[in-house]
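In: Generate a structure from the sequence data that follows.
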Amino acid sequence: MALSRRPDWVSPGLFPYESRFLDVEGCRLHYIDEGRGPVLLLLHGNPTWSFLYRHLVGRLRHRFRCVALDYPGFGLSSSRTGYGFTPAEHAAVLERFVAELGLDSFTPVVHDWGGPIGLAVAGRHPERVRALVITNTFAWPVDGDRHFELFSRLMGGAVGRLAIRRANAFVNVMVPAGTRRRLSRAEMAHYRAPFPTPDARMPTYVFPREILASRAFLAEVEAGLPRLAHLPTLLAWGGKDVAFRATERRRFEAVFPAITASCSSRLVTTSTRMSPSYELAAAIEGWSTAPEGGWGRRHSPARRP
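Out: Residues are numbered from 1 along each chain as shown. Predicted coordinates:
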């Protein structure tokens, strides 16, 4: 069922931002749009939603316009009939969302599956992108990498499907495992609530399956990276992340010669996997004002439908 307002289970204390809704490609998208200044487009991974960025937005909205959306089937966004929840479909919806909001000179902040999804859109429209913030993610096919292949076959296969549908495994296991501090019951409830039934949990199953199944889409993402290589880039990498390792970090470093800062695990640790932290906010603030950040003082004005 498409929402027109946010449900009562969303706590104003934990998520003190105005919920907005926009119809895009037959889907009802939920997003928040806070602050003024250079645009940060905050893109979540699996199985999270814009709630993931609540602390980051609170810290940065005094200097940036922070836009964070939920992909169809995640958070408070609903999908159209027949939507498959693949990264290619999410990228198409995001591309239209960017156009609908008129986001120009924006900086994608990409994490987990937000990397391929956000960098796909950025690679198609490099003229609209101002800079990049890349945290623990990937942006290329992973065929032949046993690390990813084993995970995809396990969690994207029959065993994973059963565990996700019956036990909401991606939320109940991956969210606590990927977060540095212990989340409160109320915080965990906000991650569980979007997936109350076995069918509602299917979007969190599709992502691990698509690690291998979306090879063509991931090849397109990789092909678009050279069109972004000139951009100022902040690489903020959690050194204790078991999913995205130093191997992926080094590959991004090779692809993006314009990387202007690299945050080691001393600055941003496992919190970048599931819970962007105040350290990441400080890194973005410091980088954006540093001469090598290349941001200057120009920014696009706030524009809301």
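In: report the longest helix in this structure, please.
Out: Across the chain, the longest stretch assigned as helix under DSSP state H is helix 87-101.
In: other SSEs contacting that helix?
Out: Judged by 3 or more Cβ pairs under 8 Å, 6 or more residues apart in numbering; DSSP states H and E, the packing partners of helix 87-101 are strand 20-24, strand 27-34, strand 65-69, helix 114-124, helix 215-224. Where C-beta positions appear, they are placed from N, C-alpha and C, glycine not excepted.
In: run the last query once more with 7 Å
Out: strand 20-24, helix 114-124 (3 or more Cβ pairs under 7 Å, 6 or more residues apart in numbering; DSSP states H and E).
In: Figure out which of these is closest to residue 194.
Out: Closest of these to residue 194 is strand 20-24, at 14.8 Å (criterion: Cβ to Cβ).
In: angle of that closest one against strand 27-34?
Out: Angle between the axes of strand 20-24 and strand 27-34 is 140 degrees (criterion: axes from the mean of the first three to the mean of the last three Cα atoms, to 10 degrees).
In: which neighbours does strand 20-24 have in its sheet, and in what orientation?
Out: Paired neighbours of strand 20-24 in the sheet (DSSP bridges): strand 27-34 (antiparallel).
In: what's in contact with the partner strand?
Out: With Cβ atoms under 7 Å, 6 or more residues apart in numbering as the contact definition, strand 27-34 has outside contacts at 2-3, 17-22, 50, 57, 61, 66-70, 72, 75-80, 83, 93, 97, 304.
In: Sort out which of the residues you listed are buried, if you could.
Out: Those of the contacts of strand 27-34 that meet the buried threshold are 17, 19-22, 50, 57, 61, 66-70, 72, 75-79, 83, 93, 97, by 16 or more other Cβ atoms under 10 Å.
In: packing partners for whichever helix or strand residue 108 is part of?
Out: For residue 108, the host element (DSSP states H and E) is strand 106-112. Contact analysis of strand 106-112 by 3+ Cβ pairs under 7 Å, 6+ apart lists strand 39-43, helix 114-124, strand 132-137 as its packing neighbours.
In: So which of these is nearest residue 143?
Out: Set against residue 143 and scored by Cβ to Cβ, these come closest in helix 114-124, at 14.5 Å.
In: Next, the angle from the closest one to helix 87-101.
Out: Using the same axes, to 10 degrees: helix 114-124 against helix 87-101 is 60 degrees.
In: Which positions within helix 114-124 qualify as buried?
Out: Buried residues in helix 114-124, defined by neighbour count with 16+ other Cβ under 10 Å: 114, 115, 116, 117, 118, 119, 120, 121, 122, 123.
In: Please identify which of those residues is nearest to residue 137.
Out: Closest to residue 137, out of all of these and judged by Cβ to Cβ, is residue 115, at 2.8 Å.
In: burial count for the nearest residue to the closest one once chain neighbours are set aside?
Out: Sequence neighbours aside, residue 137 is the residue nearest to residue 115 in space, at 2.8 Å (criterion: Cβ to Cβ, 6 or more residues apart in numbering). When neighbours are defined as other Cβ atoms under 10 Å, residue 137 has 25 of them.
In: Could you give the bridge partners of residue 137?
Out: Beta-bridge pairing for residue 137 (DSSP bridges): residue 112.
In: What residues does residue 120 make contact with?
Out: Neighbouring residues of residue 120 by Cβ under 7 Å, 6+ apart: 91, 220, 221, 224.
In: and the two most separated of those residues?
Out: Within those, two members stand farthest from each other by Cβ to Cβ: 91 and 224, at 10.7 Å.
In: okay, those two: which has more neighbours?
Out: residue 91 (22 against 18).
In: Could you pull up the residues touching the more buried one?
Out: By Cβ under 7 Å, 6+ apart, the contact list for residue 91 reads 117, 120, 121.
In: My guess is the first one contacts residue 94. True?
Out: Yes. Contact status for residue 117 versus residue 94: in contact at 5.9 Å, counting by Cβ atoms under 7 Å.
In: Can you lay out the helices and strands packed on strand 106-112 as TSV showing distance to residue 166?
Out: Formatted as TSV, the helices and strands packed on strand 106-112 follow (distance: least, Cβ to Cβ, whole Å):
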stretch	distance to residue 166
strand 39-43	29
helix 114-124	27
strand 132-137	28
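In: And the helices in the stretch 101-250 of the chain, which stretches?
Out: Shown for the stretch 101-250 of the chain, the helices assigned by DSSP state H, counting those that start in this stretch span residues 114-124, 146-155, 158-167, 169, 175-177, 185-192, 202-213, 215-224, 246-255.
In: Could you single out the most deeply buried of the ones you listed?
Out: helix 114-124 (a mean of 25; mean count of other Cβ atoms under 10 Å).
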